[in-house]
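> Here's my sequence, what's the structure:
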Amino acid sequence: MKEPIIPIFYASDDAFVKFTVVSMKSMIQNASKDYRYILHILHTEISDSMKDVVNRLANDNFEIRFVDVTAYLKSIRDKLPLRDYYSKTTYYRLFIAEMFPQYTKALYMDSDTIILGDVSQLYLTDIGDAYLGACHEQVMLQTKEFGTYVEKVVGVSRYNFFNAGLMLINCEQFRLRFVLDKFIDYLHYYNFVVTQDEDYLNLICKDHVYWLDQRWNTETYGQVEYPVEQAKMIHYIMISKPWHYKDCMFGDYFWEYAKQTEVYDAVLSVLHSYSDDEKAKDTKSAENLTKLAVDETNREDNFLNRINRDKRDKDRVEILLKIEQYEREGRFDEDVEKDPPGRMLMPDEIEYVRKTRAEKLKTKVAFKMAHKFIDQLVEEKKFIVKEIKGIENFKNLECGAVITCNHFNAFDSFAIQLAYEAAEQPERNFWRVIREGNYTSFPGFYGFLMRHCNTLPLSSNAATMKKFFKGVTELISNGDYVLFYPEQSMWWNYRKPKPLKRGAFQCAARSAAPVLPCFITMKDSDVMGEDGFYVQEYTIHVSPPIFPEEGLPHRKQAELMMKKNYELWKEIYEAEYHIPLTYTTQEDMSQLQDFMEYMN
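Prediction:
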């Protein structure tokens, strides 16, 4: 018996099914013969004569089933708002996981496609626990108006917006994460009018998309970054239809397969009868869609603005707006949240290394309290560490080291603490550098942790800082780890690496010790926080250690390690988020320019 059975879905109607036929013909011809496929066509009304045409495509490998979704739509009509959304065939793909509980995974294809690759290879792609696998939407990437729209209205980066014309659906995750229910909730809350169901899908699946090879969704739009001969699927999007335009981009591929079908004459008739008036309407329609994207972006009551107003903590929204402002102004080393007023830490108030017996006892108590606190956050899904990548780089350290990490949350040092514990090196202590005010002036429970959880406070007093550097050097020489935040500032949930300061790397150079670069990436979990934002799932990336180059002055060693650290963070950021690292900093701001010029 040939396994697995591969379920594939189209959504169509009687007017469009002839184009579905051409797409199916191309798929069947190029698919591996080692598997069985079931092609489901979701519809509400397709004529018997057209069903006969479609059914004649079936063979020993491909079974074809027509699925009338009318009864299912009636069963959920009480949940749906009074709109015509559920009568549009493109929305049927949202029902697949619920309508077909027997499937753990399914392929969905738009009908305006030609499939040149082997769909079995696509189906067998392991997408893990992602909600779906898809390709980047080129319209958002290549057109400013649409890219700005999805970022300012939908709340999804233009670099992480997918085209829903090809989806490898993780049906288990769709059911487990209540994707259909979320879609219905959003339908009641807001009417997306630009890409409609694609907007909803991107909103719901944000940060839970497995990015497929772009060749599996080669859109007839803008620039294609590879020869069309490498395309595994061609997608005739928007008004670019070969049955309307003789000069349609990559139209020859469509006609190659259309000629092999019973619908060829009917499709050719559509091409010949498509009038100049209809083409003019297409042009106007494209212009109107662009205008609509701009209008939605400028609406004071657009989706993202409404969410920020209705459901999200006002202070958190203001912090995010402040982060945008600070990035534009190049103020990367300034905190966006105000800490309690601090006072100067004097040298006689702190002993960085040789703790008294009483201080050691307080440290023991503080760690116990901190772990209980974090364990509770983990249990309540308020603090989620999904994965630690590169833990072997931590385990293989045979000496003390400076650990660096990006700073985006008051508790992110606990994530590194968990990585340290996972590395199982109990003979080496873990220390963290903190701000002066957090040590001298933070009140209550958090203040106790700040002062006693192996913290190394900075100071605005020169004599105290001299003591700080001496203490750090001694700790590292003893084989301990010291966590620094070389970005200096903390920006809440900020995903980009910020320009780095030299202090951490100078400490490493003076101690002849390596730097262990850690970078934490995050994605929205499905847990909504009390502030109206999704709790973030953290992945800790531990890079190979960076050793100081022998024979160079300490300052030069520090500069080289800082440059390498930033490069590693940048690589992780771009690989994990599928986004080129860019900043919105205005041209007249010199801080970032100077840093980037130095990095280059």
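> list the buried ones in the helix or strand harbouring residue 255?
When elements are assigned from DSSP states H and E, residue 255 belongs to helix 251-258. Using 16 or more other Cβ atoms under 10 Å as the test for burial, helix 251-258 gives 251, 253, 254, 255, 257, 258. For glycine as for every other residue, the C-beta is placed from the backbone atoms N, C-alpha and C.
> For those, give me TSV that also has pLDDT and distance to residue 50.
Shown next, in TSV, are the buried residues of helix 251-258 (pLDDT from 0 to 100; distance: Cβ to Cβ, whole Å):
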residue	pLDDT	distance to residue 50
251	97	23
253	98	23
254	98	19
255	98	20
257	98	17
258	98	15
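> now for these, which pair is the farthest apart?
251 and 257 (11.5 Å; Cβ to Cβ).
> Between the buried residues of helix 251-258, which sits nearest residue 8?
Using Cβ to Cβ, these come closest to residue 8 at residue 257, 16.4 Å.
> mind checking how far the residue lying closest to that closest one once chain neighbours are set aside is from residue 148?
Nearest non-adjacent residue to residue 257, counting by Cβ to Cβ, 6 or more residues apart in numbering: residue 26, 4.4 Å away. The gap separating residue 26 from residue 148 is 35 Å, by Cβ to Cβ, to the nearest Å.
> again with residue 257
37 Å.
> Residue 585 now?
The value you get for residue 585 to residue 148, if Cβ to Cβ is used, is 18 Å.
> Have a look at these two and say which one is more surrounded.
residue 585 (20 against 16; other Cβ atoms under 10 Å).
> hang on, the earlier thing: now render the buried residues of helix 251-258 as JSON lines, adding distance to residue 391.
Formatted as JSON lines, those follow (distance: Cβ to Cβ, whole Å):
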{"residue": "251", "distance to residue 391": "51"}
{"residue": "253", "distance to residue 391": "47"}
{"residue": "254", "distance to residue 391": "50"}
{"residue": "255", "distance to residue 391": "54"}
{"residue": "257", "distance to residue 391": "49"}
{"residue": "258", "distance to residue 391": "54"}
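> ok, of those, which one's closest to residue 6?
Nearest to residue 6 among these, with distances taken as Cβ to Cβ, is residue 257, at 19.9 Å.
> wait, the closest one sits on residue 20?
No: with contacts counted by Cβ atoms under 8 Å, residue 257 stays clear of residue 20, the gap being 12.0 Å.
> Mind jotting down where the helices sit in the stretch 251-400 of the chain?
With DSSP state H, counting those that start in this stretch as the criterion, the stretch 251-400 of the chain has helices at 251-258, 264-273, 276-298, 303-310, 314-329, 357-379, 391-395.
> between the third one and helix 303-310, how big is the angle?
Pointing back at helix 276-298 there. If you take axes from the mean of the first three to the mean of the last three Cα atoms, to 10 degrees, helix 276-298 sits at 30 degrees to helix 303-310.
> how close does residue 415 sit to residue 490?
14 Å.
> How far away from the center of its chain is the lengthiest strand in the chain?
Scanning the chain for the longest strand, with DSSP state E as the assignment, gives strand 515-528. Distance, stretch centre to chain centre, for strand 515-528: 11 Å (Cα atoms, centre = their mean, to the nearest Å).
> Show me what that strand is packed against.
Applying 3 or more Cβ pairs under 8 Å, 6 or more residues apart in numbering; DSSP states H and E, we find strand 515-528 packed against strand 401-404, helix 412-422, helix 503-510, strand 534-542, helix 554-577.
> May I have the strands that pair with the fourth one, each with its orientation?
Looking back up the chat, that one is strand 534-542. strand 384-389 (parallel), strand 515-528 (antiparallel) (DSSP bridges).
> Look up how far residue 126 lies from the closest residue to residue 420 other than its chain neighbours.
Of all residues not flanking residue 420 in the chain, residue 430 sits nearest, at 4.5 Å (Cβ to Cβ, 6+ apart). To residue 126, residue 430 is 35 Å away according to Cβ to Cβ.
> got it, and residue 6?
Counting by Cβ to Cβ, the gap from residue 6 to residue 126 is 15 Å.
> Neighbour count: the two, which is higher?
residue 6 (24 against 8).
> got a list of contacts for the helix or strand that the more buried one is a member of?
Taking DSSP H and E as the criterion, residue 6 maps to strand 5-11. Under the contact criterion Cβ atoms under 8 Å, 6 or more residues apart in numbering, strand 5-11 has outside partners 20, 23-24, 27, 35-43, 89-93, 96, 100, 103, 105-111, 119-120, 123.
> how about a cut-off of 7 Å?
20, 35-42, 89-90, 92-93, 96, 103, 106-109, 111, 119-120, 123 (Cβ atoms under 7 Å, 6 or more residues apart in numbering).
> Give me the mean pLDDT for that strand.
Average pLDDT, strand 5-11: 97.
> Can I get the helix or strand just after it in PDB, CA atoms only?
Of the helices and strands lying after strand 5-11 in sequence (DSSP H and E), the nearest is helix 17-30. The C-alpha coordinates for helix 17-30 follow below in PDB (Å, rounded to 0.1, in the frame of the first residue of the first chain):
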ATOM      1  CA  VAL A  17     -13.600  25.500 -12.100                       C
ATOM      2  CA  LYS A  18     -12.300  25.400 -15.600                       C
ATOM      3  CA  PHE A  19      -9.100  27.100 -14.400                       C
ATOM      4  CA  THR A  20      -9.000  24.700 -11.500                       C
ATOM      5  CA  VAL A  21      -8.900  21.900 -14.100                       C
ATOM      6  CA  VAL A  22      -5.700  23.400 -15.700                       C
ATOM      7  CA  SER A  23      -4.100  23.700 -12.300                       C
ATOM      8  CA  MET A  24      -5.000  20.100 -11.400                       C
ATOM      9  CA  LYS A  25      -3.700  18.900 -14.700                       C
ATOM     10  CA  SER A  26      -0.300  20.400 -14.100                       C
ATOM     11  CA  MET A  27      -0.200  19.000 -10.600                       C
ATOM     12  CA  ILE A  28      -1.100  15.500 -11.600                       C
ATOM     13  CA  GLN A  29       1.400  15.400 -14.400                       C
ATOM     14  CA  ASN A  30       4.300  16.500 -12.200                       C
END
